[in-house]
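1. Coordinates only, no sequence provided:
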């Protein structure tokens, strides 16, 4: 009788341990997933990730579901194939899968709650992990990050394999931002200013003001400096769009500013050390002070101009190529900046 009681106690304790372990893994997976969500905006904060998911749910519950599914599938895939545990816990394997799922939902012509879309979203998110692991071994020779290369390549393949007339996964036809439009001389200054914060929201394919401001708040929660650079970069991208007369819809919706926002966040808020003089001189883009400040201004200004103008130039290409090349511009501009021989390493905060 005593042995039976002891066996029951051990069995109950063992089941409690299994439940605790399962609960602990679920909590860890949630934290890893939230870090992966925030990695899109270069953050590493679960609270920022929770705010981002709230913003996506505010904009579209379907998009929130797709993004959550993408980051969970890619994170679980990284665990299954034995990727580095530190990278998995930091969310490095989650953000590419999230972007793939989000963009598939945005360009899907069948509308929201098209459940068949979950299949390519899961497959694309899982494939991002394999591609990221392969590219990291190649790019590590030049000390370059993988960034969003896996997302871009997987989404390119998805767009090439489908089309507007695909019976299962149709997507919207592309309208280049540089295409001509009727009555192109009428421009609303208020709508252009309205598009600057929307440029930050377009990083997550969100074109509504309320959720975009919440996304900006998620960036501010992680780093106020990063949030300032996001707004400045979106403004620079919008001005670049005005200078080459892109479609007004692209200015108003923030599509002209999101690459500038990403570029400014990467260089200004992450890779280089700034002070108040550097901020003022970088905005003016024409002043000289010390050698370190001049070097930082030169790199930062060149990066923003190239990122915005390359995006607008490739947007002139018609068809699906316009959508495929837009986000790659920020990646290539980042690589060109990081591959330069830095003569003043003090100004670099890598």
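-> That came in fine, so what should we check first? Nothing here was measured: the structure is a model prediction, and the numbers come from that model.
2. residues in contact with residue 254?
-> 195-202, 207, 212, 234, 238 (CB atoms under 8 Å, 6 or more residues apart in numbering). The C-beta positions use only the backbone N, C-alpha and C, and glycine is treated the same way.
3. Let me have the residues you listed in CSV, adding neighbour count as columns.
-> Formatted as CSV, the contacts of residue 254 follow (neighbours: other CB atoms under 10 Å):
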residue, neighbour count
195, 30
196, 25
197, 21
198, 27
199, 31
200, 27
201, 29
202, 26
207, 18
212, 27
234, 32
238, 28
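4. of those, closest to residue 150?
-> residue 202 (20.1 Å; CB to CB).
5. Let me see the contact set for that closest one.
-> By CB under 8 Å, 6+ apart, residue 202 lies in contact with 212, 253-255, 257-258.
6. Give me the domain ranges for this protein.
-> 41-161, 189-347 (automatic domain parsing).
7. Make TSV out of these and add distance to residue 35 and mean pLDDT.
-> Shown next, in TSV, are the domains of the chain (distance: least, CB to CB, whole Å; pLDDT from 0 to 100):
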stretch	distance to residue 35	mean pLDDT
domain 41-161	3	90
domain 189-347	11	67
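8. would a markdown table of those with distance to residue 33 be doable?
-> Below are these laid out as a markdown table (distance: least, CB to CB, whole Å):
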| stretch | distance to residue 33 |
| --- | --- |
| domain 41-161 | 5 |
| domain 189-347 | 15 |
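9. looking at those, which is closest to residue 172?
-> Between the domains of the chain, domain 41-161 lies closest to residue 172; by CB to CB that is 5.3 Å.
10. ok, back up a step: in helices only, show me the contacts of residue 202.
-> Among the contacts of residue 202, the members found in helices (DSSP state H) are 212, 253, 258.
11. Just the buried positions in stretch 123-142, please.
-> 124-129, 131-133, 135-136 (16 or more other CB atoms under 10 Å).
12. and those residues, which two are the farthest apart?
-> 124 and 136 (18.4 Å).
13. Assign residue 92 to helix, strand or coil.
-> On the three-state scheme (DSSP: H, G, I helix; E, B strand; the rest coil), residue 92 is labelled coil.
14. Could you list which residues are in contact with the nearest residue to it once chain neighbours are set aside?
-> For residue 92, ignoring the flanking residues on the chain, the nearest one in space by CB to CB, 6 or more residues apart in numbering is residue 39 at 6.7 Å. Contacts of residue 39 were listed using CB under 8 Å, 6+ apart, and they are 90-92, 94-95.
15. Of the residues you listed, just say which sits nearest to residue 219.
-> Nearest to residue 219 among the contacts of residue 39, with distances taken as CB to CB, is residue 95, at 14.1 Å.
16. So what's the residue count around that closest one?
-> Neighbour count for residue 95, taken as other CB atoms under 10 Å: 29.
17. Pull the contacting residues for it.
-> 36-37, 39-40, 71, 148, 151.
18. Restricted to helices, list those.
-> Per DSSP H, the contacts of residue 95 map to helices at 36-37, 39, 71, 151.
19. most surrounded residue in these?
-> Neighbour counts for those peak at residue 71, which has 31 neighbours (criterion: other CB under 10 Å).
20. re earlier: how near is the residue nearest to residue 92 to residue 116?
-> 28 Å (CB to CB, to the nearest Å).
21. Then residue 208?
-> 26 Å.
22. Pick out whichever of the two has more residues nearby.
-> residue 208 (15 against 11).
23. Excluding chain neighbours, what is closest to the more buried one?
-> The nearest residue in space to residue 208 (CB to CB, 6+ apart) is residue 59, at 5.2 Å.
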